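*Asks:* take a look and give me a structure for this.
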Amino acid sequence: MSFAAPMGGGGGFGGGSPAAGGAPAAAAAAPAEEKTEFDVKLDAVDGDARLKVIKEVSAATGLGLKEAKEVVERAPTVVKAGMKKEEAAELKAKLEAAGAKVSLE
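*Replies:* Got it, this is the predicted structure:
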């Protein structure tokens, strides 16, 4: 009777080993999933392009120009969070075209 307890408890033999070996494989597969939500982060703005970037931030977020200016001045900062990949890429392209340095997180 005392012999069955260590084997059933995953002592290295019996039923414990396959379960332990299967868990890391499942955990390794999880990071391979594609990310579905992205944050658009404004990293930096060139001085000459600042007004264009402020206008783009205002249009993308629905903020007024004053609030958009405050967001741009806080760079590096997240401009918009939880976006779909296509929308985030589109906003990134618009901000880069306006003269900003942008990254997706």
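*Asks:* switch to C-alpha atoms for all contacts and neighbour counts from now on
*Replies:* Will do.
*Asks:* thinking Phe38 is in contact with Ala81, fair?
*Replies:* Yes. With contact defined as Cα atoms under 8 Å, Phe38 counts as touching Ala81 (6.3 Å).
*Asks:* so the residue nearest to Ala60 when sequence neighbours are not counted: helix, strand or coil?
*Replies:* Among residues not flanking Ala60 along the chain, Leu91 sits closest, at 7.4 Å (Cα to Cα, 6 or more residues apart in numbering). At Leu91 the chain is in helix, as set by DSSP: H, G, I helix; E, B strand; the rest coil.
*Asks:* what about Leu91, how many residues nearby?
*Replies:* Leu91 has 20 neighbouring residues, counting by other Cα atoms under 10 Å.
*Asks:* check it and give its pLDDT.
*Replies:* pLDDT recorded at Leu91 is 94.
*Asks:* same question, the one 3 residues further on
*Replies:* Looking at Lys94, its pLDDT is 95.
*Asks:* surely it touches Lys55?
*Replies:* No. Counting by Cα under 8 Å, Lys94 sits too far from Lys55 to count as a contact (10.6 Å).
*Asks:* about what we covered before: Phe38 and Ala81: which is more packed in?
*Replies:* Ranked by neighbour count (other Cα under 10 Å), Phe38 and Ala81 place Phe38 first, with 19 against 14.
*Asks:* beta partners of the more buried one?
*Replies:* Met83 (DSSP bridges).
*Asks:* roughly how far does it sit from Leu65?
*Replies:* Counting by Cα to Cα, to the nearest Å, the separation of Phe38 from Leu65 is 24 Å.
*Asks:* and the spatially closest residue to Pro76 that is not a sequence neighbour, how many residues sit next to it?
*Replies:* Nearest residue to Pro76, sequence neighbours excluded (Cα to Cα, 6+ apart): Asp43, at 4.2 Å. Using other Cα under 10 Å, Asp43 has 16 neighbouring residues.
*Asks:* which helix or which strand is home to the nearest residue to Val72 once chain neighbours are set aside?
*Replies:* What sits nearest to Val72 in space, not counting adjacent residues and going by Cα to Cα, 6+ apart, is Ile54, at 6.4 Å. Using DSSP states H and E, Ile54 falls within helix 50-61.
*Asks:* since that was my last question, I'll sign off now.
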